[in-house]
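> from the sequence below, what's the structure:
(3 chains)
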Amino acid sequence: MMEITEIEKQSALDKIKKGERLDGRGLKDFRDIKIDVGVAKKAEGSAQVELGESKVIAGVKFGMGEPFPDTPDEGMLMVNAELGPMASPNFESGPPGKNATEIARVVDRGIRECEALPLKDLCVEEGERVWKVMVDIHVLDHDGNLLDASALAGVKALLEAKMPGFEDSKVLRDEEHEFKMEKVPVTCTVAKIEDKYVIDPDIIEEKVVDSMVTVTWTEDELCSLQKRGNGGLTKNELLEMFELAREKTEELRQTTL
Amino acid sequence: MTEKVLKDKSKVLPGDVIAEDDSLAGSGTYKENGKVKSRVVGIARTKKSRIRVIPLCGGYIPQEEDNVIGRITGIGPSHWWVELDSPYDGYLSISEGSNEFIDLDNTELSDVYDIGDIIYTEAIKVTKEKDVKLSMQDRICKKLSGGRLIRISPSKVPRLIGKGGSMVEMIKNETGSRIIIGQNGIVWVSGGDEDLTVEAVELVDEKGHEKGLTEKVEKLLNK
Amino acid sequence: MGKNKDMDLLKNGKRIDGRGKEDLRELEAKAGILKRADGSGYFRMGNTEAVAAVFGPRELHPKHKQKPQRGILQCRYNLAPFSVDDRKRPGPSRRGKEIGKVAEGALSSAVFLEEFPTATIDVYMEVISADAGTRCVALNAGSIALADAGIPMKGLISSCAAGKIEDTPVLDLKGEEDMNGQVDLPIAMNAETGEITLLQMDGMTDIEEMDEMMDLAIKGCKKVAEKQKEALMETF
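Residues are numbered from 1 along each chain as shown, chains lettered A, B, ... in the order given. Purely as a prediction, here's the structure:
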């Protein structure tokens, strides 16, 4: 497919300058969000998030493993993301690139830093055996803002997850035990284009972003930040963006989780 | 001939038998065991003692005399490479690049068309190996700047043009926009009510093969 | 999970999920589910489901792979990490590569590749949930995606497995049956013409049984074809 052209970028930019967008949304509106849970039947928890035309599936698997030496009594969280060749004509097969790695790590930090998972409860035998919680994010269709879609899918899949049982060194996948998150982090990216703040940039708008910041909030605390893009931001701008993200994450929490 | 045509005017899928007499095989079909079968998802139509299948989807493969919208992706010593949203790039030589003489002593090729520029051009020659030779000689061909660019399915281009240009003329009249349509599914819109024009073009792309398309577009334009 | 000899796979003619010997699992099919891809499809047989995307015909890189006379069709088959009981490490596996290769054979024979010299048609098949028969389900999604992309073809390719459990030929094995069964026989075919384009077999059997199992699988493919067509008819 032909790359996004200057004409398309310019028309997106012209709209944003006027406080409008090509698809008719307000600058601070998300696209339509559709969530389906239980989409991957072999996963212990799964969710498919459609954010406009971006489509992401997250699946949670539990496994048994040896704990890290510095946290012998804690379970482990692993987040992996794949931007497979299916999602865009410009993606290729192969090991995760920089974008996939950034998605995985930002989603991971959001969950990890607010201690969303009861890691201590996931210890089976100190220093020997702990549960590994593995969140895999698969991007099926790329129409921009994959990070927010991925974070939402990851958290929703964790909220849906049921833990298998464990007995005689065997993981019993027929059993379903409660798995409760202690906190629910929600992620929102705020982009700055010209002098405007824009929520949920689509694939064309992402090409004209000066800079953006991806913010993860629990109900009352800021738990992870990632400044992205090549432009700079002032402290005041950043504070405004955090506040806007807080408002929008609260909205997401109410409407989607 | 009608009794030998099984599926005139109906929706067909690849492999569907559409006629019993293979002398009727037209475009979008193939012959097998004396029968005519469809090779694409499309609508079967008999016309001039042939049965054709008009595709409902599919990408663009360049054909001679097609006018297309492309993007300059490379510049050589005396030619440009042009991406056409197709597996085959177009080749635009300096002699075909303009109907005015380009003096290489005083001009860089990138002064004429630079990488990233969008042009409305014509495929004047397409070989069996799909080498595509382009030309800007025709006076309707030109570099496009400003405006909006929309990508629609190439299979919907005939609907957007309409019978004798009726659909595109109607949209132009109602919106005051200029519209240039590439056979490769890229549409350029400029001036007038661009938002409304884009909406109308997208509607044709979405509902292009449904009945009453003209009425639907009319309704949108008169909203 | 190893073989469990004591497992009762067939009781009074009924299988563990209540099906008879010649019954398929529940089928579901969709076309045109993705935006970026030129064509896309979804197929589900029971708890096995896959999504497929087609890109192309498009320029083939690297250039030395290009063929001047005809295009090529390339398949990628991948199991999502969460599609199986114990998480699968992401990335290519030997099994996945082999399936990609036989899938290329299965689909290429149906496509008019001679119309796209030097180009490629890429078919990406992603298994979301695996309960046996993943290559069949992936191919069924892939074939829908090819038609949805408007690729000229002789017909749809439909795929289904037959097998043997408790010395009895049955249609469309599910996970436990595949694991503890005796034979697995996936085939893919143009259900219209009867041309078989993929055939693999694991296990011990004889000609007579093969004959019976192939008939079963062919019956299954025909039902799959109906479902694929339904999805395409609904989408367009």
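
> so what's residue 217 up against?
You didn't pick a chain, so chain A it is. Contact analysis of A:Trp217 by C-beta atoms under 8 Å, 6 or more residues apart in numbering or on different chains lists A:185-188, A:223, A:245-246, A:249-250. All C-beta atoms are positioned from the backbone trio N, CA, C, and that covers glycine.

> was after chain C, sorry
Per C-beta under 8 Å, 6+ apart, neighbours of C:Ala217: C:160-162, C:171, C:185-187.

> how would you label it: helix, strand or coil?
When classified by DSSP: H, G, I helix; E, B strand; the rest coil, C:Ala217 comes out as helix.

> beta-bridge partners for the closest residue to it other than its chain neighbours, please?
Leaving out its chain neighbours, the residue that sits closest to C:Ala217 by C-beta to C-beta, 6 or more residues apart in numbering or on different chains is C:Ala162, at 3.9 Å. On the basis of DSSP bridges, C:Ala162 is bridged to C:Leu171, C:Leu185.

> these two touch, right, C:Ala162 and C:Met213?
Yes: under the criterion of C-beta atoms under 8 Å, C:Ala162 makes contact with C:Met213 at 4.1 Å.

> out of the two, which sits in the more crowded spot?
C:Ala162 (29 against 24; other C-beta atoms under 10 Å in any protein chain shown).

> separation between that one and chain B?
23 Å (C-beta to the nearest C-beta, to the nearest Å).

> quick one: contacts for residue 155?
Using chain A. A:Val155 neighbours (C-beta under 8 Å, 6+ apart): A:110-111, A:116, A:181, A:184-187, A:257.

> that was the other one, I meant chain B.
Shown in contact with B:Ser155 (C-beta under 8 Å, 6+ apart): B:54-58, B:208, C:150.

> now it, what are its backbone angles?
Main-chain torsions, B:Ser155, degrees, to the nearest 10: phi -70, psi -20.

> do the same with B:Arg39
phi -110, psi 0.

> how about the one 10 residues further on?
Torsion angles at B:Ser49 (phi, psi; degrees, to the nearest 10) stand at phi 50, psi 30.

> could I get the buried residue list for stretch B:83-93?
B:83-92 (16 or more other C-beta atoms under 10 Å in any protein chain shown).

> distance of A:Asp23 relative to C:Asp8?
Distance of A:Asp23 to C:Asp8, computed by C-beta to C-beta, to the nearest Å: 57 Å.

> what of B:Asn184?
Counting by C-beta to C-beta, the gap from B:Asn184 to C:Asp8 is 60 Å.

> what about the spatially most central residue of chain B, which SS state?
Nearest to the mean C-alpha position of chain B, by C-alpha atoms, centre = their mean, lies B:Gln183 at 1.4 Å. State at B:Gln183, reduced to three classes by three-state DSSP: coil.

> can you pull the contacts of the closest residue to it other than its chain neighbours?
Nearest residue to B:Gln183 in three dimensions, chain neighbours excluded: B:Asp66, at 4.2 Å (C-beta to C-beta, 6+ apart). By C-beta under 8 Å, 6+ apart, the contact set of B:Asp66 is B:122-123, B:183-184.

> put together CSV for those, with pLDDT on each row.
Compiled in CSV, these are given as follows (pLDDT from 0 to 100):
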residue, pLDDT
B:Glu122, 97
B:Ala123, 98
B:Gln183, 97
B:Asn184, 97
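
> of these, closest to chain A?
Closest to chain A out of these is B:Asn184 (8.8 Å), distances taken as C-beta to the nearest C-beta.

> which residue lies farthest from the center of chain A?
A:Asp168 (35.3 Å).

> distance of that one relative to B:Ser78?
77 Å.

> what do you get for B:Arg178?
From B:Arg178 to B:Ser78 the distance is 32 Å (C-beta to C-beta).

> likewise A:Asp32?
In terms of C-beta to C-beta, A:Asp32 sits 50 Å off from B:Ser78.

> for B:Asn184, same thing?
With C-beta to C-beta as the criterion, B:Asn184 and B:Ser78 are 25 Å apart.

> can you show me the helices along the chain?
I'll assume chain A. Counting by DSSP state H, chain A has helices at residues A:6-17, A:98-113, A:146-160, A:203-206, A:235-256.

> the chain in question should be chain C.
Using DSSP H, helices in chain C cover C:94-108, C:134-148, C:175-180, C:207-235.

> and stretch B:18-31, how far apart are its ends?
10 Å (C-alpha to C-alpha, to the nearest Å).

> if you count neighbours, what's buried in that stretch?
B:18-19, B:22, B:24-26, B:28-30.

> could you dump the residues you listed into a markdown table with secondary structure and pLDDT added?
Listed next are these as a markdown table, based on DSSP: H, G, I helix; E, B strand; the rest coil; pLDDT from 0 to 100:
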| residue | secondary structure | pLDDT |
| --- | --- | --- |
| B:Ile18 | strand | 94 |
| B:Ala19 | strand | 92 |
| B:Asp22 | helix | 89 |
| B:Leu24 | helix | 90 |
| B:Ala25 | strand | 93 |
| B:Gly26 | coil | 93 |
| B:Gly28 | coil | 95 |
| B:Thr29 | strand | 96 |
| B:Tyr30 | strand | 96 |
